[in-house]
Each structure stands twice: as structure tokens, then as C-alpha cells.
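> I need the structure of the sequence given here:
(chains A, B, C and D)
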There are 2 protein chains.
Amino acid sequence: MSSRDSLLKTTKELLWDRGYDALSPRTIQAESGTGQGSFYHHFRGKEDLARHAVNEVSKEMREALQSLFATDKKPMDRIRDYLLNSRAGLRGCRLGKLAQEEAVVGNSLIHPIAEYFSYLEEILVRTLEQAKQEGELEQDIAVEALVAMIASVVQGGYVLSRARQNPQQMDMAVNGAWDLLERMKRRPSDDV
Amino acid sequence: MSSRDSLLKTTKELLWDRGYDALSPRTIQAESGTGQGSFYHHFRGKEDLARHAVNEVSKEMREALQSLFATDKKPMDRIRDYLLNSRAGLRGCRLGKLAQEEAVVGNSLIHPIAEYFSYLEEILVRTLEQAKQEGELEQDIAVEALVAMIASVVQGGYVLSRARQNPQQMDMAVNGAWDLLERMKRRPSDDV
DNA sequence: GTCTATACGATGATAGAC
DNA sequence: GTCTATCATCGTATAGAC
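Below is the predicted model of the structure:
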């Protein structure tokens, strides 16, 4: 692997665990086995490297979303698959965690992060609209709000898991959300 | 205000905005108008001061919860009040934000944070159980999961608001959650 | 209780040789 | 492309005078 790739790969991992502010060029160099020379030859500096890394993470996560939703399953089953997807609650969300840092908001780093959540919203809206059309979901549900709720439960699950140092908080949160959603699926008795 | 109080007050504010890691004794001194002498006279160091500050925040937030839930309203109305409570989405949760920092987890700071969320869980469980007893909520709902979902939606609302730099994400998330909960309230037709 | 002086490692980056 | 040397500044804390 080239020095550049090595720097990027290491930075992606370190960003996940320590965040942006607590990350130092020296640490990245040590972990990736590269030196000053490579670091500043390939990137303008810490922010530049981090931006490239976050861009990659954002892209990877959008692709993962896409393949998760690109199935023949019924809309609400895709929602269920998303919600109940396995997650490392204690480690936190690769992007959501960064959004909590002051040094990230008001920085170029926020854009690829916002882009991911924007895409998540888009794909969830599309899926729920389809669920409505196919009669899986009641017509009078406010889709935008429901989408924000679904995305929030996942992000909040990470926060609770970390705050309580208990990975199960994540599982309980998404299960609670799915429980409600499932009951919301149009009942036979509601048929027109 | 005494130097000690001034240090604590300033630290609580700075912790909210910048978090623990990005906070420096020098900054606290500058913002609070105190000097080295006062800082290290009243506290052992940065972590000690931060712990006192977070303890106070945790206590304040638990008291706020308590007074929010100490009403004669029906259980589900108290849940509604909690969910739809006004929140500064862009600023983030004073405690949830800290839980995302690596320097906080695995530190004495995590305890007052966990304590708050533990208390929140307790109070929500109690309220939902009461809602069941009073027939406001269907009997077969899993309370623990629902509670984790409610707490998560709030925390996730903060994350989404910051990630998208849009305070409305918080409002949409809690509204989406309340919308589902309201539909879950036991319908007249379900009466035994 | 508060002040100033001082210390030492870490941070983020530049300079120039190879 | 990569290395080593160097730098100004910040972060966290101690020492001792007042």
C-alpha cells in the first residue's frame, strides 16, 4: 500500500476512535508507519487529510446504504433491515460522532457528513412513500417526521450506549422503534 | 461571585460548547477572569474541575426532569411534554455530547453522565408502566425498549441537527416519535 | 486566595537535504 | 517521495512570593 493510502486508512480508523480534534499528525504518522515527509507531501495538512478521509467514509456509508436498500423486499421490510442492522454501539457512528465536535462543525469536514445524512433521509423518504403506495403504511402518517425519527433513534442509540457503557442500549432503542412501526403497518381491518 | 463559582460556571458553559478534550485550563482562566493561583487552589486540575462541573450539570438536569414529570397530568401527556420540550438542537445535549468523547469515556466524568441517563430511564419506565395501568397504553408494549427509543430520539435529534446544521431536525424527530406514540395509545375500540 | 515565573511535552507546520 | 531538523505555540501543571 502506498504511503498516501496508508495515511488515509489510518486516519479513517483514528477519526472513528478519537475524533478530529484529538487527532495529531504525529499520531497518524506513527500508526501508519510513514514520516513527516510523506504526510505533508501528499496532503496540505491535518484538515486536508481528514477531509479526504471523511469523504471516503461518507461515500462508503452511502454505498452500504444503497446496497442495503437495493433489494426486492417489501418497503417496510427494508426499513426493518435498516433499523435492526447490527451496530457497534460502544464505538459510535463514524460520522455522527464527528458532528458533535465543535472543530468539525464550521469546517469543511461537516459537508461530507451532512451529505450522508441527507442521502439517508432521501432513501428513507422514498422507501416510506413506496410503503404508503403499496398499502403497507397508513396514508395519514407524516413521512418527513417519521424519517427523522428513524435516523435519530440510530444516532441516539449510539449516544446512549456510550453514555451508559452498555451496547444493548442501541439494540433496545431500535427494537423499540421497530415495535412501534410494525404496529403502524396498515391493519387488515383498516382496508378501504 | 467567588473565584471558585466563577470557574465552575465558566467550565459548565465551555464544556457544553467545546467539550472536555478541547478545553484548556488557560481558556477557563481567561473566560472566567481568574488566574493560575485560583484554578489550582480550588481544584486539583482540569479533570477535577470538569468532574465538579459535570456533576452539577447532571444534577441540574435530573432536577429539571423531576419537575417536568411532577405534575397531575396523565402519564402519556407527561411523555408528550418531555418529548416535545423545547431544545437547542444545534448546541447539542450538555451530557450526550460529552459521552461521545474518548477522553470522557473511561474517565471519572462518565459516571455523572451515566447517572443522568439512568435516572431518565427510570422515570420514563415508571411513567409508561403507569400509562399501562391506567389503560392509556396497550398492555403488550415492551416498556424497556420504548423507553430506550424515546431517550434515543432526543439524543439523535441533537446529532442530526448538528450534522445537517439544521435545528428543525430535532423537532421533526421528536414529532415523528410522538406521532407514533399517540397512535399507540389504546383506542376506544380496544377496550376490554 | 491569588499572583507571577517557570517547566516540559505535544501540536501543527516549514525547511532543506537526499 | 521521503527523511531529519527545527520552530512557535499551546496544554497542563508546579513553585514560591505576597
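
> please enumerate the helices of chain A.
With DSSP state H, the ranges of helices along chain A come out as A:3-18, A:25-32, A:36-42, A:46-69, A:75-83, A:96-99, A:110-133, A:143-164, A:168-184.

> tell me if the second one is near chain B.
No - using C-beta under 8 Å from any C-beta of the partner chain as the criterion, no contacts between helix A:25-32 and chain B are found, and the smallest distance is 12.4 Å. From N, CA and C alone the C-beta is placed, and that goes for glycine too.

> using PDB, list the CA coordinates for that helix.
Only the C-alpha atoms of helix A:25-32 are listed here, as PDB (Å, rounded to 0.1, in the frame of the first residue of the first chain):
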ATOM      1  CA  PRO A  25      -0.300  14.400  12.500                       C
ATOM      2  CA  ARG A  26       2.300  12.800  14.700                       C
ATOM      3  CA  THR A  27       0.000  10.000  15.800                       C
ATOM      4  CA  ILE A  28      -1.200   9.400  12.300                       C
ATOM      5  CA  GLN A  29       2.400   9.100  11.100                       C
ATOM      6  CA  ALA A  30       3.300   6.700  13.900                       C
ATOM      7  CA  GLU A  31       0.300   4.500  13.400                       C
ATOM      8  CA  SER A  32       0.600   4.400   9.600                       C
END
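
> now the helices of chain A as JSON lines including mean pLDDT?
Converted to JSON lines, the helices of chain A look like this (pLDDT from 0 to 100):
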{"stretch": "helix A:3-18", "mean pLDDT": "98"}
{"stretch": "helix A:25-32", "mean pLDDT": "98"}
{"stretch": "helix A:36-42", "mean pLDDT": "98"}
{"stretch": "helix A:46-69", "mean pLDDT": "98"}
{"stretch": "helix A:75-83", "mean pLDDT": "98"}
{"stretch": "helix A:96-99", "mean pLDDT": "98"}
{"stretch": "helix A:110-133", "mean pLDDT": "98"}
{"stretch": "helix A:143-164", "mean pLDDT": "98"}
{"stretch": "helix A:168-184", "mean pLDDT": "96"}
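
> dump the ones you listed into TSV; add mean neighbour count and distance to DNA strand D as well.
Formatted as TSV, the helices of chain A follow (neighbours: other C-beta atoms under 10 Å in any protein chain shown; distance: least, C-beta to the nearest atom of the strand, whole Å):
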stretch	mean neighbour count	distance to DNA strand D
helix A:3-18	18	3
helix A:25-32	16	8
helix A:36-42	14	2
helix A:46-69	17	13
helix A:75-83	19	38
helix A:96-99	26	19
helix A:110-133	19	21
helix A:143-164	27	20
helix A:168-184	22	29
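
> for B:Lys59, find the nearest of those.
Closest of the helices of chain A to B:Lys59 is helix A:143-164, at 16.0 Å (criterion: C-beta to C-beta).

> does the closest one come close to chain B?
Yes - counting by C-beta under 8 Å from any C-beta, chain B has neighbours in helix A:143-164: A:144-160, A:162-164.

> figure out which of the helices of chain A is closest to B:Asp5.
Nearest of the helices of chain A to B:Asp5, taken as C-beta to C-beta: helix A:143-164 at 27.1 Å.

> for the closest one, packing partners?
Identification of packing neighbours for helix A:143-164 by 3 or more C-beta pairs under 8 Å, 6 or more residues apart in numbering or on different chains; DSSP states H and E yields helix A:75-83, helix A:96-99, helix A:110-133, helix A:168-184, helix B:96-99, helix B:110-133, helix B:143-164, helix B:168-184.

> adding distance to A:Leu8, write those out as a markdown table.
What follows is those, written out as a markdown table (distance: least, C-beta to C-beta, whole Å):
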| stretch | distance to A:Leu8 |
| --- | --- |
| helix A:75-83 | 28 |
| helix A:96-99 | 16 |
| helix A:110-133 | 14 |
| helix A:168-184 | 28 |
| helix B:96-99 | 27 |
| helix B:110-133 | 31 |
| helix B:143-164 | 22 |
| helix B:168-184 | 30 |
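
> nearest approach to B:Ala50 belongs to which of those?
Evaluated with C-beta to C-beta, the helices and strands packed on helix A:143-164 place helix B:96-99 nearest to B:Ala50, the distance being 9.0 Å.

> span of stretch A:21-39 from start to end?
Stretch A:21-39 stretches 18 Å from its first residue to its last (C-alpha to C-alpha, to the nearest Å).

> not counting its neighbours along the chain, what's nearest A:Asn107?
In space, A:Asn107 comes closest to A:Glu47 once its chain neighbours are excluded; the distance is 7.0 Å by C-beta to C-beta, 6 or more residues apart in numbering or on different chains.

> burial of A:Ser2, as a residue count?
For A:Ser2, the neighbour count with other C-beta atoms under 10 Å in any protein chain shown is 10.

> next, work out how far apart it and A:Leu15 are.
For A:Ser2, the distance to A:Leu15 (C-beta to C-beta, to the nearest Å) stands at 19 Å.

> ok, A:Met184 next?
37 Å.

> and what of A:Ile28?
Counting by C-beta to C-beta, the gap from A:Ile28 to A:Leu15 is 10 Å.

> residues in chain A within reach of DNA strand C, list them.
A:Asp21, A:Leu23, A:Ser24, A:Pro25, A:Arg26, A:Thr27, A:Gln36, A:Gly37, A:Tyr40, A:Gly45, A:Lys46, A:Glu47 (C-beta under 7 Å from any atom of the strand).

> the third one: neighbour count?
This means A:Ser24. For A:Ser24, the neighbour count with other C-beta under 10 Å is 12.

> send me stretch A:78-96 as PDB with only the CA atoms.
Extracted in PDB, the C-alpha atoms of stretch A:78-96 (Å, rounded to 0.1, in the frame of the first residue of the first chain):
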ATOM      1  CA  ARG A  78     -36.200  -2.800   4.100                       C
ATOM      2  CA  ILE A  79     -36.900  -0.300   6.800                       C
ATOM      3  CA  ARG A  80     -36.800  -3.100   9.300                       C
ATOM      4  CA  ASP A  81     -33.500  -4.400   7.900                       C
ATOM      5  CA  TYR A  82     -32.000  -0.900   8.200                       C
ATOM      6  CA  LEU A  83     -33.200  -0.400  11.800                       C
ATOM      7  CA  LEU A  84     -32.200  -3.800  13.000                       C
ATOM      8  CA  ASN A  85     -28.900  -3.800  11.200                       C
ATOM      9  CA  SER A  86     -26.100  -4.800  13.600                       C
ATOM     10  CA  ARG A  87     -24.100  -1.900  15.100                       C
ATOM     11  CA  ALA A  88     -21.200  -1.500  17.400                       C
ATOM     12  CA  GLY A  89     -22.900   0.800  19.900                       C
ATOM     13  CA  LEU A  90     -19.900   1.400  22.100                       C
ATOM     14  CA  ARG A  91     -17.700   2.600  19.200                       C
ATOM     15  CA  GLY A  92     -20.200   5.200  17.900                       C
ATOM     16  CA  CYS A  93     -21.200   6.300  14.500                       C
ATOM     17  CA  ARG A  94     -18.300   7.100  12.200                       C
ATOM     18  CA  LEU A  95     -20.000  10.300  11.100                       C
ATOM     19  CA  GLY A  96     -22.400  11.200  13.800                       C
END
